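Enquirer: Next come a sequence and a model predicted from it.
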Amino acid sequence: MYQWNESIQKMIDWIEEHMTDNPTLLEMSGQIGYSPYYCSTQFHEITGITLKNYMASRRLSRAALEIRDSSDRIIDIAVKYGYSSQEALTRAFKDRFGCTPYQYRKNPVPIILPIKRTVLFPGHFPQNKEVTMSDTCLTKANVRIEFIPAHKYIGIWDDRVSDYMNFWKKHDCEETCGIIDSMTNVMHPVITAHTAGWQNKNGKRGYFYGLGVAEDYTGPVPNGFEIREIPGSYYLVFFHPPFDYLRDCGAVMERVEELAWNYDPSLKGYKWNEELCPAYQRHYPEVIGYEVLRPVKKA
């Protein structure tokens with residue numbers, strides 16, 4: 001199973017890199033060394049969607065982001081992503097999102113963008129696979145201080161769960177992440193899209209997922225999401241540098257959270273400020289690593 005998940009993930013990554021080249025099934029199958037038929041069958045079995053439909057949805061998603069973020073002509077974007085005409089893109093866009101590309105460019109409201117699939121997770125990593133020193137570099141978790149100015153946060157806040165895995169047992173991951181992806185044009189530069197975290201309510205820790213926006217944001221809030229004002233605060237940032245996601249994710253998260261939830265802030269001259277501000281979670285393994293941010297104030 002790991003071998004096929006790894007192969008399909010390579011195919012998904014290759015599709016993203018060659019999206020505007022209109023890749024064929026034959027070209028993609030050549031990337032992983034199996035027949036086109038077998039690749040197509042296994043892709044459907046592992047992802048739950050046909051390869052053809054997945055590619056169409058990702059082309060539409062990428063086209064939508066260019067319509068939102070660029071000034072390129074819509075007809076040029078249509079041709080770039082393999083549509084036969086601007087009208088063909090408009091039909092697909094309206095069927096999926098309920099508005100035309102022109103209307104979306106004028107008023108980029110939150111929509112559910114089809115997201116890039118992930119089929120490889122830490123639990124898939126084979127225990128007997130040989131790992132070289134270059135594959136991973138585990139260190140001790142560390143701590144630094146960071147100030148985050150006042151902002152707003154748009155997210156799904158759930159008092160019933162206190163962690164990432166249980167959160168997604170109660171919420172639709174693809175729909176939620178697709179909506180958040182469609183709002184990256186308004187995201188906060190520090191509390192970016194897909195920054196999650198914990199809220200402290202009556203001594204109980206709940207979990208939330210969404211994105212930060214500017215303090216003066218007055219735009220739309222998607223259905224099922226809630227916007228909250230977050231005051232400026234200093235944060236103790238407990239972190240581990242970039243790491244190998246498949247190999248070391250569990251160990252890294254355990255190290256960081258063990259330090260974060262048991263740390264004495266008086267060692268830095270602070271006390272916790274979680275009655276006013278949430279604790280944030282940044283999880284970008286290959287870019288910044290893993291971070292837990294707990295708000296503090298001067299002791």
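Expert: Received, thanks. Residues are numbered from 1 along each chain as shown.

Enquirer: and the closest residue to residue 16 other than its chain neighbours, helix, strand or coil?
Expert: The spatially closest residue to residue 16, leaving aside those adjacent along the chain, is residue 116, at 6.1 Å (CB to CB, 6 or more residues apart in numbering). Where you see a C-beta, it was placed from the backbone N, CA and C, and this is true even at glycine. Going by DSSP: H, G, I helix; E, B strand; the rest coil, the secondary structure assigned to residue 116 is coil.

Enquirer: and residue 116, how many neighbours?
Expert: Residue 116: 15 surrounding residues under other CB atoms under 10 Å.

Enquirer: I'd assumed residue 14 was in contact with it.
Expert: No - using CB atoms under 8 Å as the test, residue 116 is too far from residue 14 to be in contact (11.8 Å).

Enquirer: so where do the helices sit in the stretch 1-150 of the chain?
Expert: Ranges of helices in the stretch 1-150 of the chain, per DSSP state H, counting those that start in this stretch, are 2-17, 25-32, 36-47, 51-69, 74-80, 86-97, 101-106.

Enquirer: low pLDDT regions in the stretch 51-200 of the chain?
Expert: Counting by pLDDT under 70, the ranges of the stretch 51-200 of the chain that qualify are 123-137.

Enquirer: and residue 29, how many neighbours?
Expert: Close neighbours of residue 29, defined as other CB under 10 Å, add up to 20.

Enquirer: could you check the distance from it over to residue 36?
Expert: 4 Å (CB to CB, to the nearest Å).

Enquirer: Could you verify that residue 180 is part of a strand?
Expert: No - Residue 180 sits outside any strand when classified using three-state DSSP, being helix.

Enquirer: these two touch, right, it and residue 210?
Expert: Yes - counting by CB under 8 Å, residue 180 does reach residue 210; the two are 6.2 Å apart.

Enquirer: what's the residue positioned nearest the centre of the chain in contact with, if anything?
Expert: The centroid of the chain falls nearest to residue 194 when counting by CA atoms, centre = their mean (4.7 Å). Residue 194 sits next to 177, 180, 209, 211 when contact means CB atoms under 8 Å, 6 or more residues apart in numbering.
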